[in-house]
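Peer 1: Sequence and computational prediction follow.
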Amino acid sequence: MHYHLITLNCRYSHSCLALFYLRNALERHLPGCRVGMSQLTINDPYYDTLLRISGNEAEALFFSVYIWNSAYISRLVRDLARLRPDRPVILGGPQAPVLAGLTDRCTVIHGEIEGVDDSFYADLQQGRLRPAYRAVSGRPFFSPYRPQDFAGLLANRQIYYESSRGCPFFCSYCLSSVKHGVFHKEIETVRQELAAILEQRPVIIKFIDRTFNDDPHRALAIWRFLAARPGTTRFHFEIAPDRFTGEMFAFLETVPPDLFQFEIGIQSTDPATLAAVNRKMDVELAAANIRRLVRLDSIHLHVDLILGLPCDTLESFRRSFNRVFELEPHYIQMGQLKVLPETAIRNEAENFGIIYCEQPPYEVLATRWLDHRTIGFLHALGECVEAFYNNRFFRSLWRYILNRRQEPFLFFQALLETARDHGFFELAHTPELLARILCELAAGRPDRELLLELLRYDWLRCGHRRLPRYLATTPAGDIRAEMRRQLPQNYTGLFTYRDRDEFLKQRAFLRLSGAALRELGLSRNGRAGTVCFLPEQTTGVIKHSRAILL
Ligand code: SF4
């Protein structure tokens, strides 16, 4: 028998762990069967994808269905059924139940493949599948990868791994809260599986454990194991920010930059909002821990806020945003609430006055506390945060806003207005466009000159050798000539008389006021000075050219 397993990922670099579990389960239950796999993307042209799949001669097609690909798969399955109405199609994954009954030969698997009993495989072999099979949950599962996968199906892709399944919490908007119970793999099994994966030297392993540190001791044991392994693989974890121990922090202080990255769900800092979605989190402790992690400057921190939760007003969202911004994470994501089928919030949507999109991913459109217009405004503000903040471009500017105790939300509100005037939502968000919009914003502020100085500094710190026209100050040739006159023949650590000319030609220089130098922490004496940008990169999470005051 020949089966083909298909999914559509969001990006080419992603991979689909579920297909590998399914392949192994089919081969184990039906020895001798032939299993093929296609990992396509939702951005692939529809007709081309359809031709690729329709040309496959497999006796049954399996699709892994998620919120992001269910519309695409639903279209594919209906068209494939018109071409070969007799060929069974089996749908699995969290969104599969939503597509039940799509065609006459469509079967839905509810739950994890490990929990499906033998009758499914017998029915598959005999070509008499039922419309649905229900898996028993809590069955053991093992890493599904084989060494040869890494050179083929997984080449140049992110590797996903789960050391546990399920989540101990019950946030009402989350699919993980629907199933009860958490299953942790034996720690020794985890070590062995990870060791086998690491032999293949993947670029990144993403742990999909829903709360990786729900058991802090176990999390620490896995971290210790990973940090002790040689190699350059990075590791990504979804972390609960209020579940850290002193021992974990003591260990994290020893972790080199770029080894770990943490995704941290804050969602809201508003107590009423958190209570309305049944989310248990000690906000004060979470904030203190994030601050501590930021200070380490070795772990990339991605913090999530959810827009459109019940009870969340414009004012409370504004407070959450300000609070998160003040923690200075490297990335702030403002994602819309998605009102997913089977979640508790879906059942309560009417009570909360939640209107959401009819089709996946079911984004919130309005709530009793945020009308549609306000949600639109916050979404646009989130786009600005994504473009301007979630990169390395303007880090001194964000620090300045915090040092001056300016309200981050109001700053981004003003930035959004200026951005809209520039047609921001119709243009490519290049660094040039972003810097130009910030210059425009600065023009209307009393601290204009200082802001422009910080923008120039940030621009050159990102490795550019010249300032763009709208940021230009003293012509580059003039400052270079001045440096040529002023700098000594030998400068310890920078150049000797032999390579002085080359140094002056290659480096970027910037004249800054005493106020700007103080703001940047480069000098406190109040005198103006010249900063030189070196080719070496700084060592923390965010990499910049090293800058020194001459
Ligand atoms: S949002 Fe996170 S903590 Fe809450 S139930 Fe889902 S996975 Fe668990």
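Peer 2: Here it is on my side, so go on. Computed from a predicted model, the values in this text were never measured in an experiment.

Peer 1: Now the element after the worst-scoring helix or strand of the chain on mean pLDDT, going C-ward?
Peer 2: Averaged element by element with mean pLDDT, DSSP states H and E, the chain has its least confident helix or strand at helix 476-486 (a mean of 85). Helices and strands here follow DSSP states H and E; after helix 476-486, the next one along the chain is helix 500-506.

Peer 1: helices or strands next to that following helix in the packing?
Peer 2: Contacting helix 500-506 under the criterion 3 or more CB pairs under 8 Å, 6 or more residues apart in numbering; DSSP states H and E are the following elements: helix 476-486. Using the backbone N, CA and C atoms, a C-beta is placed for each residue, glycine as well.

Peer 1: Other residues contacting the helix it packs on?
Peer 2: 466-467, 504-505, 508-511, 530, 532, 550 (CB atoms under 8 Å, 6 or more residues apart in numbering).

Peer 1: can you do 10 Å?
Peer 2: Outside of helix 476-486, the residues within contact range by CB atoms under 10 Å, 6 or more residues apart in numbering are 465-467, 473-475, 500-501, 503-505, 507-511, 530, 532, 550.

Peer 1: Going through the residues you listed, which ones are buried?
Peer 2: Restricting those to buried positions leaves 467, 500, 503-504, 507-511, 530, 532, with burial counted as 16 or more other CB atoms under 10 Å.

Peer 1: is the ligand contacted by stretch 53-69?
Peer 2: No - Stretch 53-69 lies apart from the ligand when judged by CB under 6 Å from any ligand atom; the minimum separation is 13.7 Å.

Peer 1: Need phi/psi at residue 492.
Peer 2: In terms of degrees, to the nearest 10, the main-chain angles of residue 492 are phi -50, psi 130.

Peer 1: Can you get me a residue count around it?
Peer 2: Residue 492: 7 surrounding residues under other CB atoms under 10 Å.

Peer 1: So for it, what's the pLDDT?
Peer 2: At residue 492, the predicted lDDT confidence score is 91.

Peer 1: Output the set of residues of the protein in proximity to the ligand.
Peer 2: The chain comes close to the ligand at residues 167, 169-171, 174, 176-177, 210-211, 265, as judged by CB under 6 Å from any ligand atom.

Peer 1: May I ask which two of these are separated the most?
Peer 2: Taking CB to CB as the measure, these reach their widest spread between 170 and 265, a distance of 13.7 Å.

Peer 1: shared neighbours of those two, anything?
Peer 2: Jointly contacting residue 170 and residue 265 under the rule CB under 10 Å, 6+ apart are residue 279.

Peer 1: more crowded one of those two?
Peer 2: Remark: of residue 170 and residue 265, residue 265 carries more neighbours, 23 against 15, as counted by other CB under 10 Å.

Peer 1: quick one: the helices in the stretch 301-450 of the chain?
Peer 2: In the stretch 301-450 of the chain, helices defined by DSSP state H, counting those that start in this stretch lie at 314-326, 344-348, 372-384, 395-403, 408-421, 431-443, 448-461, listed in chain order.

Peer 1: now the last one and helix 395-403, what's the angle there?
Peer 2: Same thing as helix 448-461. An angle of 140 degrees separates the directions of helix 448-461 and helix 395-403 when computed by axes from the mean of the first three to the mean of the last three CA atoms, to 10 degrees.

Peer 1: Where does the prediction get shaky in the chain?
Peer 2: Within the chain, the segments meeting pLDDT under 70 span 474-477.

Peer 1: Compare the helices of the stretch 301-450 of the chain and report which one is nearest to residue 138.
Peer 2: Among these, the nearest to residue 138 by CB to CB is helix 344-348 (21.1 Å).

Peer 1: Which residue would be the closest one in the stretch 451-550 of the chain to the ligand?
Peer 2: Of all residues in the stretch 451-550 of the chain, residue 541 sits closest to the ligand, with a separation of 23.5 Å (CB to the nearest ligand atom).

Peer 1: Can you tell me the element that residue falls in?
Peer 2: Secondary-structure assignment from DSSP H and E places residue 541 in no helical or strand segment.

Peer 1: That one: neighbour count?
Peer 2: Applying other CB under 10 Å, I find that residue 541 has 18 neighbouring residues.

Peer 1: How about residue 388?
Peer 2: One way to gauge burial is a neighbour count; for residue 388, by other CB under 10 Å, it gives 23.

Peer 1: do the same with the one 4 residues further on
Peer 2: Residue 392: 16 surrounding residues under other CB under 10 Å.

Peer 1: picking up where we left off before, want to try a markdown table for the helices of the stretch 301-450 of the chain, with mean neighbour count as columns?
Peer 2: Below are the helices of the stretch 301-450 of the chain laid out as a markdown table (neighbours: other CB atoms under 10 Å):
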| stretch | mean neighbour count |
| --- | --- |
| helix 314-326 | 19 |
| helix 344-348 | 17 |
| helix 372-384 | 17 |
| helix 395-403 | 17 |
| helix 408-421 | 18 |
| helix 431-443 | 19 |
| helix 448-461 | 21 |
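
Peer 1: Redo those helices as a markdown table? Include distance to residue 354.
Peer 2: Conversion of the helices of the stretch 301-450 of the chain to a markdown table gives the following (distance: least, CB to CB, whole Å):
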| stretch | distance to residue 354 |
| --- | --- |
| helix 314-326 | 15 |
| helix 344-348 | 7 |
| helix 372-384 | 11 |
| helix 395-403 | 33 |
| helix 408-421 | 23 |
| helix 431-443 | 33 |
| helix 448-461 | 40 |
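
Peer 1: give me the residue from the stretch 251-400 of the chain nearest the ligand.
Peer 2: Across the stretch 251-400 of the chain, no residue is closer to the ligand than residue 265, which sits at 5.5 Å (CB to the nearest ligand atom).

Peer 1: Pretty sure that residue sits in a strand.
Peer 2: Yes - secondary structure assignment places residue 265 in a strand (DSSP: H, G, I helix; E, B strand; the rest coil).

Peer 1: Just the residues of the chain next to the ligand: which are in strands?
Peer 2: Secondary structure defined by DSSP state E assigns residue 265 of the residues of the chain next to the ligand to strands.

Peer 1: Now do residue 5 against residue 106, distance only.
Peer 2: Residue 5 sits 16 Å away from residue 106 when distances are taken as CB to CB, to the nearest Å.

Peer 1: With residue 129 instead?
Peer 2: Residue 129 sits 9 Å away from residue 106 when distances are taken as CB to CB.

Peer 1: Now for the residue of the stretch 251-400 of the chain closest to the ligand: which residues touch it?
Peer 2: Shown here is residue 265, whose contacts under the criterion CB under 10 Å, 6+ apart are 169, 171, 174, 210-211, 238-241, 279, 281, 286, 302-306, 333.

Peer 1: again, only this time at 6 Å
Peer 2: Shown in contact with residue 265 (CB atoms under 6 Å, 6 or more residues apart in numbering): residue 304.
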